[in-house]
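Visitor: My questions are about this predicted structure, shown below with the sequence.
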Amino acid sequence: NAGVTQTPKFRILKIGQSMTLQCTQDMNHNYMYWYRQDPGMGLKLIYYSVGAGITDKGEVPNGYNVSRSTTEDFPLRLELAAPSQTSVYFCASSYSRQTVPQYFGPGTRLTVL
Amino acid sequence: GQNIDQPTEMTATEGAIVQINCTYQTSGFNGLFWYQQHAGEAPTFLSYNVLDGLEEKGRFSSFLSRSKGYSYLLLKELQMKDSASYLCAVRDRNAGGTSYGKLTFGQGTILTVHP
């Protein structure tokens, strides 16, 4: 049982490039989330999903897209990378809305130059 | 919307007790969480309060007062490994009375434990 896994661990992008951050969980959790964490700050919700085929925007969705074709996977897509997207990205999951806690992946550190 | 406030930094001595406060304003409260995050690592769950009162888990305790919009995390018998950022997060209830488990996080309190 690997929990929540994320790839890659680190990535440097040039302005305007695109990439997909991968997130997979093997706990059969329905709810999955993407957060970003800027230096010295808390986590801000980008997108979330309550099940396969269902996604919704969080607090800071601009510049990102998500999809949820399976229960296990919840990729985050950056289409036109900007320096403001330099951050650490965490994926998290939970079984249901009433279940605690959310389990976090190890994070992806992204730098846009 | 939600507003969560916690101190930016705190320092304490090994073996001592420290209390990290968190105040929040929310339109629909559905639980308060504390997470620990070591530098360069993912947040890990510490405690959860949905009703008023104290929840104790070993050296860590968390208190909630819903009427005051206030919580604290109490760490006893501090150890050097407790040096980390402590994140307060509130789960809200949407307008329909349900919740999709979304958490709003405070900026975190960086705790430094000295020998």
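Guide: Cool, got the structure.
Visitor: where does chain A dip in pLDDT?
Guide: A:97-101 (pLDDT under 70).
Visitor: again with chain B
Guide: For chain B (pLDDT under 70), the answer is B:1-2, B:94-101.
Visitor: near chain A, which residues of it show up?
Guide: B:4, B:8, B:31, B:33, B:35, B:41-45, B:48, B:87, B:89, B:98-108 (CB under 8 Å from any CB of the partner chain). C-beta here means a position set from N, CA and C on the backbone, and glycine is covered the same way.
Visitor: now these: which count as buried?
Guide: B:4, B:31, B:33, B:35, B:42-43, B:48, B:87, B:89, B:99-108 (16 or more other CB atoms under 10 Å in any protein chain shown).
Visitor: quick revisit: filter the residues of chain B next to chain A down to the ones in helices?
Guide: Secondary structure assignment (DSSP state H) places none of the residues of chain B next to chain A within helices.
Visitor: thinking again about what came up before, now, the buried ones among the residues of chain B next to chain A that are in strands?
Guide: Judged by DSSP state E, strands contain the following of these: B:4, B:31, B:33, B:35, B:48, B:87, B:89, B:103-105.
Visitor: Closest one of the residues you listed to residue A:73?
Guide: residue B:103 (21.2 Å; CB to CB).
Visitor: Does the closest one touch residue B:33 like I think?
Guide: Yes. Using CB atoms under 8 Å, residue B:103 is in contact with residue B:33, at 6.5 Å.
Visitor: Mutual contacts of those two, please.
Guide: B:89-91 (CB atoms under 8 Å, 6 or more residues apart in numbering or on different chains).
Visitor: need those in JSON lines with distance to residue A:109, can you?
Guide: Shown next, in JSON lines, are these (distance: CB to CB, whole Å):
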{"residue": "B:89", "distance to residue A:109": "21"}
{"residue": "B:90", "distance to residue A:109": "26"}
{"residue": "B:91", "distance to residue A:109": "27"}
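Visitor: For the residue positioned nearest the centre of chain A, list each beta-bridge partner.
Guide: By CA atoms, centre = their mean, the mean C-alpha position of chain A lies nearest to residue A:34, the distance being 3.1 Å. Beta-bridge partners of residue A:34, counted by DSSP bridges, are residue A:47, residue A:91.
Visitor: Hmm, it is touching residue A:46, no?
Guide: Yes. Using CB under 8 Å, residue A:34 is in contact with residue A:46, at 4.4 Å.
Visitor: which neighbours do those two share?
Guide: Listed as contacting both residue A:34 and residue A:46 by CB under 8 Å, 6+ apart are A:58, A:64, A:66, A:76, A:89.
Visitor: right, and the pair among the residues you listed with maximum separation?
Guide: A:58 and A:89 (12.5 Å).
Visitor: Mutual contacts of the two, please.
Guide: Common neighbours of residue A:58 and residue A:89 (criterion: CB under 8 Å, 6+ apart): A:34, A:46.
Visitor: Which one's more surrounded, these two?
Guide: Between residue A:58 and residue A:89, counting by other CB atoms under 10 Å in any protein chain shown, residue A:89 is the more crowded of the two (23 against 20).
Visitor: Which helix or strand contains the more buried one?
Guide: For residue A:89, the enclosing helix or strand under DSSP states H and E is strand A:87-94.
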